[in-house]
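> Quick one: sequence and predicted model below, then my questions.
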Amino acid sequence: MSTFLVEKLILVVAIFAVTLLIATYLTYTERKVAAWLQDRVGPDRAGPFGLLQPLADAGKMFFKEDFIPANADKWLFILGPGIAMFTALMTGSVIPWGPEFEAFGRTITMQIADVNIGILFIMGFLSVGVYGIMIGGWASNNKFALFGAIRASSQMISYELAMGISIITIVLMSGSLSLNDIVKDQHGMNWNIFYQPLCFVIFFTCALAETNRAPFDLPECESELIGGYHTEYGSMKLGFFLFSEYISMFISSAVIASLFFGGYNFPGMDHFSGITLTVLGTIVFFVKIFFFIFVFMWIRWTLPRFRFDQLMHLGWKSLIPISLINLLITGLVIAFREGWFN
Amino acid sequence: MPSVRDGSTNISSMQSLSNRSKVVSNKKMSLVERLYLPAVVGGMWITLKHLFRKSNTIRYPEEQRVFAPVYRGMHVLKRDEQGRENCTACGLCAVACPAEAITMVAGERKKGEEHLYREEKYAETYEINMLRCIFCGLCEEACPKEAIFLTDRIVPTQFERNEFVYGKDKLVEDMNFRIDITKRQHTGKRTK
């Protein structure tokens, strides 16, 4: 029991640290990618290649005045960024970060909790994540913040449906809600992307909307809402909001990689075993994650923001029907192959 | 005869000066267009190409772009070969200045000051308000003594307004660090 606790504790701390570190450096990467896509250089003053820029930003945020507006609801105002950060961090607990390995006479999994409803757990926490934004926007007592919060909630509700349906399609394919089983099911290049490309496009679009990334960054569109739900925020509370956005981008990429691109599976992985396989698998998984993070950023600096009615139109009138039809066809094909019609 | 109400005939009858005008239409999008994805992929292809392009950034303090020879920056009050100030405080630059940025007080050269000032009259004080100055170069054009020139130096930023009023201490050139104005000596000058 105690070895189990120690093992999980190490994993928890490691994943927590890695998530925070990656989220910190995603702010740097975002600015670098933006710069490269726009023929610029990007941050290059703090340290070599500007690598200390995120630390400088964090230092700046810590030393800013922690201001709460006079008419804001104080406790909700503090609670908002806390919820956003908490939910964003929690989702990382059910993702299988690498293949399991044998050590000290026991099997050690690279997953904090192999919850048998893993993907549902992530969806649940994503839905709670909107509360952080909503509460923050509402408690600010500011028109723009409220607008941002309303947009965020309506957008998340609309896109969660299509996202859920596309997840059900994947669950149909693997027959399990556990992320570990879904990843294992894709062993040997049986990646879901080859069977469900349409589902992937829908899921990816919804993931963009769920993480409030451009072209669906309506909740915080700087040009219209002066930052949207975090208009009134400053100091590290603003930092929490921005941080949680980057964490959820990281987690979304991890979910996309594990649902559609085989997670830690890679071609020729059967030649390795034990700890080597774990290390290689984890590296492969992170390469996939970083690729999708890059795609997220690439899209952000390519596409202009959707108008609100276009957003709703796309969500309700296009993505949901298409994903429903996709689900129906998948279900029929599976039923046919299982021999239900004989 | 083109009707006034019909926008399209109006546009086509209008003469295009640049040959780049496009007739805007509100036609229904086709299915492929409504899928968005081809357009999205096209856009991402364009940005991807920019990813591998050389950046246009000039990293300013380390790297500086070459100024054009006609660049008009901070002024200099020149000295001649023997280190005497060229300026005779005639005030033509102040009169020419459209922004009224230049003021001066004229003084008479005393005995023993011949090595300081070239002619009998000189400027005791000479001030240019760099916040008023529009860097048009008319002072330089007006100067009959080749005393004032605009150089390729940039007026640095300050935190206080009064620090922008440049006196002789900042304007008159140092004989140890002479400022090259040959590039500007004949640009824009009215030749006889």
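Thanks, I have it.

> contacts and neighbour counts: CA atoms only from here.
Will do.

> List the contacts of the most centrally placed residue in chain A.
By C-alpha atoms, centre = their mean, chain A has its centre lying nearest to residue A:252, at 2.3 Å. By C-alpha atoms under 8 Å, 6 or more residues apart in numbering or on different chains, the residues touching residue A:252 are A:207, A:211.

> And the average pLDDT for the helix or strand containing it is what?
Assessed by DSSP states H and E, residue A:252 sits inside helix A:235-260. Across helix A:235-260, pLDDT averages out at 87.

> Next: stretch A:68-88.
Average pLDDT, stretch A:68-88: 85.

> got the CA coordinates for it in PDB?
Output of stretch A:68-88 as PDB, limited to C-alpha atoms (Å, rounded to 0.1, in the frame of the first residue of the first chain):
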ATOM      1  CA  ILE A  68      -9.800  43.600  -6.400                       C
ATOM      2  CA  PRO A  69     -12.300  46.100  -7.800                       C
ATOM      3  CA  ALA A  70     -14.500  47.900  -5.200                       C
ATOM      4  CA  ASN A  71     -17.800  46.600  -6.600                       C
ATOM      5  CA  ALA A  72     -16.600  43.000  -7.300                       C
ATOM      6  CA  ASP A  73     -17.700  40.100  -5.200                       C
ATOM      7  CA  LYS A  74     -14.500  39.500  -3.400                       C
ATOM      8  CA  TRP A  75     -14.800  35.700  -2.700                       C
ATOM      9  CA  LEU A  76     -16.100  34.800  -6.100                       C
ATOM     10  CA  PHE A  77     -13.500  37.000  -7.700                       C
ATOM     11  CA  ILE A  78     -10.800  35.000  -6.000                       C
ATOM     12  CA  LEU A  79     -12.600  31.700  -6.600                       C
ATOM     13  CA  GLY A  80     -12.900  32.100 -10.300                       C
ATOM     14  CA  PRO A  81      -9.200  31.800 -11.300                       C
ATOM     15  CA  GLY A  82      -8.800  29.100  -8.600                       C
ATOM     16  CA  ILE A  83     -11.500  26.900 -10.200                       C
ATOM     17  CA  ALA A  84     -10.100  27.500 -13.700                       C
ATOM     18  CA  MET A  85      -6.600  26.400 -12.500                       C
ATOM     19  CA  PHE A  86      -7.800  23.500 -10.400                       C
ATOM     20  CA  THR A  87     -10.000  21.900 -13.200                       C
ATOM     21  CA  ALA A  88      -7.300  22.400 -15.800                       C
END
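
> ok so, going back, so how far is residue A:246 from the residue nearest to the centre of chain A?
10 Å (C-alpha to C-alpha, to the nearest Å).

> Count the neighbours of the residue of the stretch 201-342 of chain A found nearest chain B for me.
Closest residue of the stretch 201-342 of chain A to chain B, C-alpha to the nearest C-alpha: residue A:302 (6.0 Å). Neighbour count of residue A:302, defined by other C-alpha atoms under 10 Å in any protein chain shown: 22.

> which residues touch it?
B:43, B:44, B:47.

> per-residue confidence averaged over the longest strand along chain B?
Counting by DSSP state E, the longest strand found in chain B is strand B:121-129. Strand B:121-129 carries an average pLDDT of 91.

> Show me which residues of it are buried.
By neighbour count on 16 or more other C-alpha atoms under 10 Å in any protein chain shown, the buried set for strand B:121-129 is B:121, B:122, B:123, B:126, B:127, B:128, B:129.

> Quick check: the farthest pair among those residues?
Greatest spatial distance in those: B:121 and B:129, 22.8 Å, computed using C-alpha to C-alpha.

> By neighbour count, which of the contacts of residue A:302 wins?
Top of the contacts of residue A:302 by neighbour count (other C-alpha under 10 Å): residue B:47, with 22 neighbours.

> Can you give me the distance of it to residue A:274?
Noted for residue B:47: a distance of 42 Å to residue A:274, by C-alpha to C-alpha.

> mind checking the SS state of the closest residue to residue A:169 other than its chain neighbours?
Excluding its sequence neighbours, the residue lying closest to residue A:169 (C-alpha to C-alpha, 6 or more residues apart in numbering or on different chains) is residue A:327, at 5.3 Å. What DSSP: H, G, I helix; E, B strand; the rest coil gives for residue A:327 is helix.

> what does residue A:306 give?
coil.

> That one: neighbouring residues, count only.
With other C-alpha under 10 Å as criterion, residue A:306 counts 15.

> residues touching whichever residue of chain B sits closest to chain A, list them.
Nearest residue of chain B to chain A, counting by C-alpha to the nearest C-alpha: residue B:55, 4.3 Å away. Contact analysis of residue B:55 by C-alpha under 8 Å, 6+ apart lists A:36, A:39, A:40, A:41.

> Just after the lengthiest helix in chain B, pick out the following helix or strand.
Scanning chain B for the helix with the most residues, using DSSP state H, yields helix B:37-51. Next along the chain after helix B:37-51, taking DSSP H and E as the criterion, comes strand B:75-77.

> can you give me phi and psi for the residue of chain B most remote from its centre?
Ranking residues of chain B by C-alpha distance from their mean position (C-alpha atoms, centre = their mean) puts residue B:31 at the top, at 52.2 Å. The phi and psi values for residue B:31, taken as degrees, to the nearest 10, are phi -60, psi -40.

> if I look at it, how far off is residue A:80?
Applying C-alpha to C-alpha to residue B:31 and residue A:80 gives a distance of 42 Å.

> what distance separates the helix holding residue A:252 from the centre of its chain?
Relative to its parent chain, helix A:235-260 has a centroid offset of 5 Å by C-alpha atoms, centre = their mean, to the nearest Å.

> And for stretch B:161-178?
19 Å.

> Show me what counts as buried in that stretch.
Quick answer for stretch B:161-178 (16+ other C-alpha under 10 Å): B:164, B:165, B:166, B:167, B:168, B:171, B:172, B:173.

> The residue nearest to the centre of chain A and residue A:301, how far apart?
Taking C-alpha to C-alpha, one finds residue A:252 at 18 Å from residue A:301.

> do the same with residue B:144
Taking C-alpha to C-alpha, one finds residue B:144 at 56 Å from residue A:301.

> what about those two, which has more around it?
residue A:301 (20 against 15).

> ok so, going back, how many neighbours does the residue nearest to residue A:169 have?
21.

> So it sits against residue A:165, correct?
Yes. The pair residue A:327 / residue A:165 is scored as a contact, 7.1 Å apart, by C-alpha atoms under 8 Å.

> on that earlier part again, now the longest strand of chain B, how far from the centre of its chain.
That offset, for strand B:121-129, works out to 23 Å (C-alpha atoms, centre = their mean).

> How about the residue most central in space within chain B: what's its closest non-neighbour residue?
The residue lying closest to the centre of chain B (C-alpha atoms, centre = their mean) is residue B:72, at 5.1 Å. In this structure, residue B:72 finds its nearest non-sequential neighbour in residue B:150, 5.2 Å apart by C-alpha to C-alpha, 6+ apart.
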